[in-house]
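Colleague: Pasting the sequence and the predicted coordinates here, then a few questions.
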Amino acid sequence: MGMARYVDDAVLLERRGAREVAAAHGISRSWIYELIKRFRAGGYEALEPRSHRPRSCPHQTPPEMVRAIVKLRSELQSQGHDAGARTIAYHLAQEMDAPPSRSTVWRVLRREGLISPQPQKRPRCSLIRFEAQLPNELWQADITAWKLHSGEVAEILNLIDDHSRLFLRSEAFLRVKAADVVRCFYAAVELHGLPYSLLSDNAAVFTGSYRRGKVRFESELERLGVLFKNSRPYHPQTCGKVERLHQTLKRYLARQAPAKTLAELQGQLDAFVHYYNDIRPHTASAGAHRCRPTRSA
């Protein structure tokens, strides 16, 4: 308020001309007249700097929308599901006639302090990655570990379609054996058809190439005419889609009560597969609606 009060006193109390004061301090006469007007209307308090924020904003997100976004994020996080802007916008679109856009959700989350911008991240548009062009063109298979309530470590065998990201199969075992891989593969084929090719790492249940032989799974794929591919040793990025699936699955399992038995763990896996395939939004193929593989004749 210092300059405003000084200018006001110079004109009203010292009787100096507005032109003189304006020239001496490099300000406009119109601004001096505005200060005098404000002083006469409300005294020195009226000279306080005023906010330039508009009194209303027709594009501002309604408070009820903000509450819905924050509530849904909390619910998704508590269930162990993805709670990003894309997922929240997708779910709200199922419930509202005029849902917020993904960018609106992101701005609300940032304004509420629920996310932090990360400009250091490499933009997605700069990434170059392989993706199969059609459903059933390529499946990815891998095994990941998870602890039961007792502390015993179980193994989970996951199968995913490279193009559509359809979660084809997820089964829990105390230890995955060669026969388990073959059985799970055929169960997925029964539901989704035969793939053209399949990619896995070099685990002993998948391949015997490093022992200069073949395991049962390799022999079955060869008999069926399915092209079998292996990732390079110590290079999990080759099977990146199924590796990313492991992360999403484990985030969900971490929010559930620790399974006491394999059967209980399998129930959790089945519930997640249903959510992953049929409820959550998907970026693969055509946005939110996944293109499912069709069964072969």
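Modeller: Perfect, thanks for sending it. Here the structure is a predicted model, which is why all the values come from computation and not from measurement. Numbering: from 1, shown residues only.
Colleague: Wait, Arg255 touches Gln79, no?
Modeller: Yes: here Arg255 reaches Gln79: they are 6.0 Å apart, a contact under C-beta atoms under 8 Å. Just so you know, the C-beta spots here come from the backbone N, C-alpha and C atoms, and that holds for glycine as well.
Colleague: all helices of the stretch 51-200 of the chain, in order?
Modeller: Assigned by DSSP state H, counting those that start in this stretch, the helices in the stretch 51-200 of the chain fall at 63-78, 85-95, 102-111, 178-192.
Colleague: which helices and strands does the second one pack with?
Modeller: The reference is to helix 85-95. In terms of contacts (3 or more C-beta pairs under 8 Å, 6 or more residues apart in numbering; DSSP states H and E), helix 85-95 is packed against helix 63-78, helix 102-111.
Colleague: and the angle for that helix with helix 63-78?
Modeller: 120 degrees (axes from the mean of the first three to the mean of the last three C-alpha atoms, to 10 degrees).
Colleague: Show me how far helix 85-95 is from its chain's centre.
Modeller: For helix 85-95, the distance from its own C-alpha centre to the chain's C-alpha centre is 12 Å (C-alpha atoms, centre = their mean, to the nearest Å).
Colleague: contacts for that helix?
Modeller: 68-69, 72-73, 76, 81, 99-106, 109, 115, 280-281, 283, 288 (C-beta atoms under 8 Å, 6 or more residues apart in numbering).
Colleague: filter those to the buried ones?
Modeller: Buried subset of those (neighbour count, 16 or more other C-beta atoms under 10 Å): 68-69, 72-73, 76, 81, 99-100, 102, 104-106, 109, 280-281.
Colleague: What is the nearest of those residues to Ser197?
Modeller: Relative to Ser197, the closest of these is Arg280; by C-beta to C-beta it sits at 26.3 Å.
Colleague: Look up the pLDDT of that closest one for me, please.
Modeller: pLDDT recorded at Arg280 is 84.
Colleague: Only alpha carbons, please: show the strand or helix carrying Arg5 as CSV.
Modeller: Using DSSP states H and E, Arg5 sits within helix 2-12. Extracted C-alpha coordinates of helix 2-12, given in CSV (Å, rounded to 0.1, in the frame of the first residue of the first chain):
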residue,chain,number,x,y,z
GLY,A,2,3.0,2.3,0.4
MET,A,3,3.1,4.0,-3.1
ALA,A,4,-0.7,4.1,-3.4
ARG,A,5,-1.0,5.9,0.0
TYR,A,6,1.9,8.3,-0.8
VAL,A,7,0.4,9.3,-4.2
ASP,A,8,-3.0,9.8,-2.6
ASP,A,9,-1.6,12.0,0.2
ALA,A,10,0.5,14.0,-2.3
VAL,A,11,-2.6,15.0,-4.2
LEU,A,12,-5.3,15.3,-1.5
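Colleague: What is the distance between that helix and the centre of its chain?
Modeller: In terms of C-alpha atoms, centre = their mean, the centre of helix 2-12 is set 56 Å apart from its chain centre.
Colleague: Identify the residues contacting Glu171.
Modeller: Contacts of Glu171 (C-beta under 8 Å, 6+ apart): Ile156, Leu157, Asp180, Cys184, Gln266, Leu269.
Colleague: Show me which pair in the residues you listed is furthest apart.
Modeller: Those two in the contacts of Glu171 that are separated most widely, counting by C-beta to C-beta, are Asp180 and Leu269, at 14.2 Å.
Colleague: between the two, which one's more packed in?
Modeller: Legend: neighbour count by other C-beta atoms under 10 Å for Asp180 and Leu269, higher for Leu269 (23 against 17).
Colleague: How about the host helix or strand of Ser30, which residues are buried there?
Modeller: For Ser30, the host element (DSSP H and E) is helix 29-42. For helix 29-42, burial by neighbour count (16+ other C-beta under 10 Å) applies to Ile32, Leu35, Arg38, Phe39.
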